[in-house]
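Build the 3D model from these lines:
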Amino acid sequence: MTRNPPLVPAVELAMRNGMRFPGESEAYRHARDALLAEEIELRRHIERVAEQRRALPPGPEVTGDYRFMGEHGPVDFAGLFGDKQSLVTYSYMFGPQRERPCPMCTSLLSAWDGEARDIEQRVALAIIARSPIERLQAFGKERGWRHLRLYSDLNGHYSHDYHAIGENGGDEPAFNVFTRRDGRIRLFWAGEMGAASADPGQDPRGAPDLMPLWTVLDCVPEGRGTDWYPKLDYPA
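Numbering: from 1, shown residues only. Model prediction:
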């Protein structure tokens, strides 16, 4: 079995960093190098978590009566895979009880629309909501989406079984990954972090965070803030 070579300590790697900027102080460089070591450790932890995720034992087999309507007509769950062996699904908070969809979900999916063709070179990607397909397509057109595959959950069974419906019957976001191996479809992994596992003072969110928006804002002094969220539109 091939063994990975031991890792150089993060502090040592940070000290090898030769990047400098005009006018920076010694205090800035000292603090920045310390932060760089933490960023290296974070990258390594992300890799360890991804490796642990990939090593999960087979998940539960998918056996429910799941029916969807897509752009080209009705499709069963296996049909969401197309010719791929893995399927990523996102349950979009845009059920029939909503006048307009969730702005946070919409922000995420607007970013994913630009990545969808790249993602689908390796895996299938399906966006599922409980509104009729015509309503989903109309909003997608309004938003300018070009590449996301949208599906209506016709009987609501999928949304119920895979935690896209809350206790009050309202929408919940849900991120699920499925595999198709040896003729069997199984759940591979699902995002399970929510309000019950949230840390004090932070919005409930998963890890990895699926929204590029927050990745960018985490790099600026203003951060995510505590009272700002995306909107469906902004004043000109």
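
ranges for the helices of the protein?
Here the chain has its helices, by DSSP state H, at 10-16, 26-54, 103-119, 133-143, 157-161, 212-217.

Ile185 is nearest to which of those?
Ile185 lies closest, by Cβ to Cβ, to one member of the helices of the chain: helix 157-161, at 12.2 Å. Glycine gets a C-beta too; all of them are placed from N, C-alpha and C.

The closest one packs against which elements?
Applying 3 or more Cβ pairs under 8 Å, 6 or more residues apart in numbering; DSSP states H and E, one finds that helix 157-161 contacts no other helix or strand.

For that helix, the averaged confidence score.
If you average the pLDDT over helix 157-161, you get 98.

returning to that earlier point: out of the helices of the chain, which one sits most buried?
helix 157-161 (a mean of 18; mean count of other Cβ atoms under 10 Å).

just for this protein, where's the confidence low?
The model of the chain has pLDDT under 70 over residues 1-2.

try 90
Applying pLDDT under 90 to the chain flags the ranges 1-5, 14-15, 18, 167-168, 193-209, 224-227, 236.

and the gap between the residue nearest to the spatial centre of the chain and Cys105?
Centroid check for the chain by Cα atoms, centre = their mean gives Leu210 as the closest residue, at 3.3 Å. Using Cβ to Cβ, to the nearest Å, Leu210 is found at 10 Å from Cys105.

Likewise for Tyr158?
Distance from Tyr158 to Cys105, by Cβ to Cβ: 17 Å.

And for Arg53?
Arg53 is 23 Å from Cys105, where distance means Cβ to Cβ.

returning to what we had before: I figured the residue nearest to the centre of the chain was touching Leu108, is that so?
Yes: applying Cβ atoms under 8 Å as the test, Leu210 and Leu108 come out as touching, 5.9 Å apart.

Could you pull up the contacting residues of the residue nearest to Val88 when sequence neighbours are not counted?
Take Val88 and drop its neighbours on the chain: the residue closest to it by Cβ to Cβ, 6 or more residues apart in numbering is Leu125, 5.0 Å away. Residues near Leu125 by Cβ atoms under 8 Å, 6 or more residues apart in numbering: 87-90, 112, 116, 119, 148-149.

can you check His163 too?
So His163 contacts 91, 172, 174, 190 (Cβ under 8 Å, 6+ apart).

now with 7 Å?
His163 sits next to 172, 174 when contact means Cβ atoms under 7 Å, 6 or more residues apart in numbering.

Equivalent analysis for Met15, please.
Asp33.

rerun at 10 Å
Met15 is in contact with 9, 33, 36-37, counting by Cβ atoms under 10 Å, 6 or more residues apart in numbering.

Next: Asp65.
Counting by Cβ under 10 Å, 6+ apart, Asp65 touches 76-77, 155, 157-158, 161.
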